[in-house]
Structure formats: structure tokens, C-alpha cells
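Asks: predicted model and sequence below, questions to follow.
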Amino acid sequence: MGVEICVEGLTKSFGHQVIWQDVSLTLPAGEVSVMLGPSGTGKSVFLKTLVGLLKPDRGSVRVAGRDITKLREHELYEVRKQFGVLFQDGALFGSMNLYDNIAFPLREHTRRSESEIRRIVLDKMDMVGLIGSERKLPGEISGGMRKRAGLARALVLDPEIILFDEPDSGLDPVRVAYLNQLIVDLNAQIDATFLIVTHDIASARQVPDNIGLLFRRELVMFGPRERLLTSDEPVVRQFLNGRMQGPIGMAEEKDAAQVEQELAQLADRAPVQAPTPRLLPGPGITRPPRWEAIARREAELRRREVADV
Ligand SMILES: Nc1ncnc2c1ncn2[C@@H]1O[C@H](COP(=O)(O)OP(=O)(O)OP(=O)(O)O)[C@@H](O)[C@H]1O
């Protein structure tokens, strides 16, 4: 079972550059959350702060109730074992085959025997569909396979939390669809808490239980998927619809008059869409109990929408 991460009043800057400030949110235990935001808004910095690789200027990050911003390096080392991180490129060692790459955290952090390691590595390779590729080098496989190998490696220590930094970057739409299904299936199977940073709106619409959006050094919104998908907050709507019209500009932000004019032009042409259906775990995978609560929450929202029309 995953653990809850509770972030409060988190602020991070590098020198005079404030990356984001006063970010507060709770990643519910076992749920999948997605963090969106224009390029450069500090999503990767946020992931690194959650895992204690970067120290915030202010605020707290409570992992299962323990504030990791206050921990010393050796204590952090222990807490980090609860995390699995999937870096953008899989972060595999180029000279090691997939088996040794995936076995690496077990050899580094545990005293398990080679036969136990073999059982765990093959189990995780099976989960991500890589059985048979044990002896391949990272340079000999596709980008999608590298991501899956990175995911298998993130799974070997049985993490309570998995952080995904743009898992879909560089993949074609079909591979993204497979990866999304894998993420949903894995979450149902291992019930860990997932946080995914992505630019892929289609994934953000279908995969998570919760969505957050960082913009202008702030967390604009964080909440249940269906609330964000039906929100009429201009930044949220612009981002989720991938439109040029709205507060988000090419470089950063636009002036207020231009935004007002663009939104007025759009107002009667772009009604809020019904939320995209959620991606369900594949056949044979039992849904964890929280799915029922989430389905009830979504049904209630739809009922209220119908009542409002
Ligand atoms: N170690 C660091 N030292 C100084 N500045 C940094 C450091 N790490 C990140 N930054 C700055 O923080 C800002 C946010 O970077 P980050 O990579 O988190 O953005 P992002 O939202 O993940 O972007 P993208 O979507 O393009 O990957 C950038 O301006 C970057 O230059």
C-alpha cells in the first residue's frame, strides 16, 4: 500500500530566481496524480524536492507523516528507498545489460542472494513485458523498451511511491497508449502512490485520479481529475485544451488585456467538455477498493452537472 505525501507551503528558488512558491497539496496514498505545467515551470525541480534531492527554501514535505526536509543525509538515504524514480531517459547504465541494470538497486541497497535477485528481477521484467530481453544493452533497444526497463528498475525495491519524469517523452502515440495502460495496471497491482510529470494532455485526461497545474511560480490548482477537466479556470482550460488563446504565452505570460480579448472571443465557442473516460486496468487485474470511491465521486459530479443544465 502506498503512503500519503503532504506538501505544505513549499517554496524553491535558485539564487534570485523563484521557481515556485507556497505550493501545498496532498498526494493521496495509492492514487495516481499528474503534474502539468508549461516548460520551465519547475516540475522536475518539484519531483527532486519530493525525493529530497533538492532542499526547499521553506515549507514541508511529509512522507507518511515524516517531514523529509528536516532529515540528515543518512536518514534521507533510508527514506529514499521508499521511492522509485523513473527518469526521462530511463537513466540506464549504457555498458550494463538490462538484467544487470534492473538488478543494480538490489545489489546496491540490499543483501539479497543472487538467486533471490534473479527471482525479483525476472518478476519485474515480466510485469513490464521485457522477458527475453535480459541480455540486451540499452543502446540495442527502442526508447519505449528503455522506459519500461527504467520502470522495472524503479520497481525492484517495492517502492511505496513512484515518481515518473515525463515517461511519455520521445514515444510515439501507440507506445504512449501502451505505457499508460502499463501505469494504470501497475498502480492497481502494487497500489503505490504515483506522481507523473507529463506534457501529454491525452494521458493527463485518462490516467490519473488527481491533476495539478504549475504556472507563474504557483500551483494554480490541484484536485480530482474530473474537477480539473471541467474547470473553467482560464489557465487550466487553455493548458488542457492545448490552445494558444489564454494566459499562457510562448515565452511565459501575456498581458491582461490580450488575455481578456482572446478569452472573450473563445467564450461562446468552447464549452467545457465532459471528462474523458478513465483508463481502466486490463482484464484479470483486480481493481483496488479505492476505485469504487473514485467511481462514486465521478458519478456524483456528473449527476450534479446534469442537474445544473
Ligand atoms: N540545479 C539547478 N540550479 C539552478 N537552476 C536550476 C536547477 N535545476 C533547475 N533549474 C531551473 O529551474 C527551472 C525549472 O526547471 P525544471 O527542469 O524543473 O522545469 P520543467 O517544468 O520540468 O521543464 P520541462 O517541462 O521543460 O522539462 C529552470 O529555469 C531551470 O533552469
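Replies: Received, thanks.
Asks: how about the helices in this protein?
Replies: Assigned by DSSP state H, the helices in the chain fall at 43-50, 73-80, 98-109, 114-127, 143-155, 173-190, 201-206, 225-229, 234-241, 256-266, 290-308.
Asks: what's across from the most centrally placed residue in the chain in the sheet?
Replies: The structure's the chain has its C-alpha centroid closest to residue 196; by Cα atoms, centre = their mean the separation is 0.8 Å. Each beta-bridge partner of residue 196 is listed here: residue 34, residue 164, as defined by DSSP bridges.
Asks: need the contact list for the residue in the stretch 201-309 of the chain that the ligand sits nearest to.
Replies: Of the stretch 201-309 of the chain, the residue with the smallest distance to the ligand, taken as Cβ to the nearest ligand atom, is residue 214 at 6.9 Å. From N, CA and C alone the C-beta is placed, and that goes for glycine too. Neighbour list for residue 214: 20, 23, 35-37, 41-43, 46, 220 [criterion: Cβ atoms under 8 Å, 6 or more residues apart in numbering].
Asks: filter these to the buried ones?
Replies: Among these, those buried by neighbour count (16 or more other Cβ atoms under 10 Å) are 20, 23, 35-37, 41-43, 46, 220.
Asks: restrict those residues to contacts with the ligand.
Replies: The residues of these that also fall near the ligand, by Cβ under 6 Å from any ligand atom, are 37, 41-43.
Asks: now for the residues you listed: which two are most distant?
Replies: In terms of Cβ to Cβ, those reach their longest pairwise distance at 37 and 42, which sit 7.5 Å apart.
Asks: quick check: residue 194 touching residue 183?
Replies: Yes. Residue 194 lies in contact with residue 183 (Cβ atoms under 8 Å); the separation is 6.9 Å.
Asks: and the closest residue in space to residue 38 that isn't next to it in sequence, what is it in contact with?
Replies: Using Cβ to Cβ, 6 or more residues apart in numbering and skipping the chain neighbours, the partner closest in space to residue 38 is residue 248 (5.6 Å). For residue 248, the residues meeting the contact criterion (Cβ under 8 Å, 6+ apart) are 38, 215, 235, 238-239, 254.
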